[in-house]
Structure formats: C-alpha cells, structure tokens
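Asks: Following is a predicted model, sequence given first.
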Amino acid sequence: MFALLEESHLVAQEKKKKILVMDDEDMVGEIACQMIEYLGYKALRVTDGADAVREYKKHRDDGDGFQAVIMDLTIPGGMGGKEAVGKILKIDSEATVFVSSGYSTDPVLLNFQKYGFSGGIAKPFDLAAMQNLLSSVV
C-alpha cells in the first residue's frame, strides 16, 4: 500500500513540472505539447523567442519556473532558438534549454553545447525521443 502511495505521489509531483515549448508551426507545437503532457508534465507553448524569454522570466520571477525549454532553431521573421537561448541563460545560467530542428544535420543541433543548449531533438518528434530528452535532465 505504501508503495502505491509513494508512486502516486511521484506521479503527482511529476505533473507539476513545466516545460516551455517554442515553435512557430501550430501543428508541431501542439504535438510537442501533447507529447509532453502525455508524459506527465505541464506544457506551455509560445511561437517565438521573444515570447519564450518573456514567459521564462515571468514564471521564474513568480517562483514557478520551467524545468526545461524546447526551442525551435529557426523562426522566420522572429527570434529563433539560437538567439533566445543566450537571453534565457542571462536570466538563469542554470536553465535547461533544448534545441529542436527539422534539419537533423544542422550544426547547432549536432553541436548543441557549443551554442548553450543542454541537448537537442530532431523533428518530427517521436514520443520515445521526447521522453529520453526530458528524463535526461528533468
């Protein structure tokens, strides 16, 4: 019985963890959020890097920060992940920020640490890759 209570408590704690998703493509962003929520986390989606930086700071200042951020590398006409990661790391040098890209051979995705990211995930997302990514640090 105690094992069930402990497991239930861990699941409840896990659901409180929040992931910020930044992607300008509606379908991609919604699928990412659905996967994240299926895995037991809360997800908030924004469509560009400026919004991601603003939401990250707001939630951190409110004491209810994100455990990780997943950022699309390229946002046409907006701030992409490459620029936004630097701004988030200035707010919180311990931030966990992942890069995502539809270009699996993109140098930023392949050398994510060089650009300040904690990891990377290629699009299209799959559930196993998302779970591995989030469980590696969250």
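Replies: Received the coordinates, thanks. Numbering: from 1, shown residues only.

Asks: helix, strand or coil for residue 63?
Replies: coil (DSSP: H, G, I helix; E, B strand; the rest coil).

Asks: Distance check, it against residue 134.
Replies: With the distance defined as Cβ to Cβ, to the nearest Å, residue 63 ends up 22 Å from residue 134. The way it works is simple: take the backbone N, C-alpha and C, and place the C-beta from them, glycine included.

Asks: do the same with residue 41
Replies: Distance, residue 41 to residue 134, by Cβ to Cβ: 7 Å.

Asks: Kindly report the same for residue 89.
Replies: Relative to residue 134, residue 89 is positioned 19 Å away (Cβ to Cβ).

Asks: In terms of packing, which of these two has more residues around it?
Replies: Between residue 89 and residue 134, counting by other Cβ atoms under 10 Å, residue 134 is the more crowded of the two (23 against 14).

Asks: Now do that one, the pLDDT please.
Replies: Note on residue 134: pLDDT of 94.

Asks: Isn't it up against residue 38?
Replies: No: using Cβ atoms under 8 Å, residue 134 is not in contact with residue 38, being 11.3 Å away.

Asks: ok, back up a step: what do residue 41 and residue 134 both touch?
Replies: residue 19 (Cβ atoms under 8 Å, 6 or more residues apart in numbering).

Asks: Can you name the residues that contact residue 69?
Replies: Contacts for residue 69 (Cβ under 8 Å, 6+ apart) come out as 19, 20, 21, 22, 52, 56, 88, 95, 96, 97, 98.

Asks: Between those residues, which sits nearest residue 80?
Replies: Closest approach between the contacts of residue 69 and residue 80, by Cβ to Cβ: residue 22, at 8.8 Å.

Asks: Which stretches in this protein count as helices?
Replies: Assigned helices in the chain, in chain order: 2-16, 26-38, 49-61, 81-91, 107-110, 127-135 (criterion: DSSP state H).

Asks: Please name whichever of those is nearest to residue 67.
Replies: helix 127-135 (8.4 Å).

Asks: Can you give me the buried ones in that closest one?
Replies: Residues 130, 133, 134 are the ones in helix 127-135 that count as buried (16 or more other Cβ atoms under 10 Å).

Asks: Got the confidence number for the nearest residue to residue 47 once chain neighbours are set aside?
Replies: Of all residues not flanking residue 47 in the chain, residue 24 sits nearest, at 4.9 Å (Cβ to Cβ, 6 or more residues apart in numbering). The per-residue pLDDT reported for residue 24 equals 96.

Asks: Good, wrapping up.
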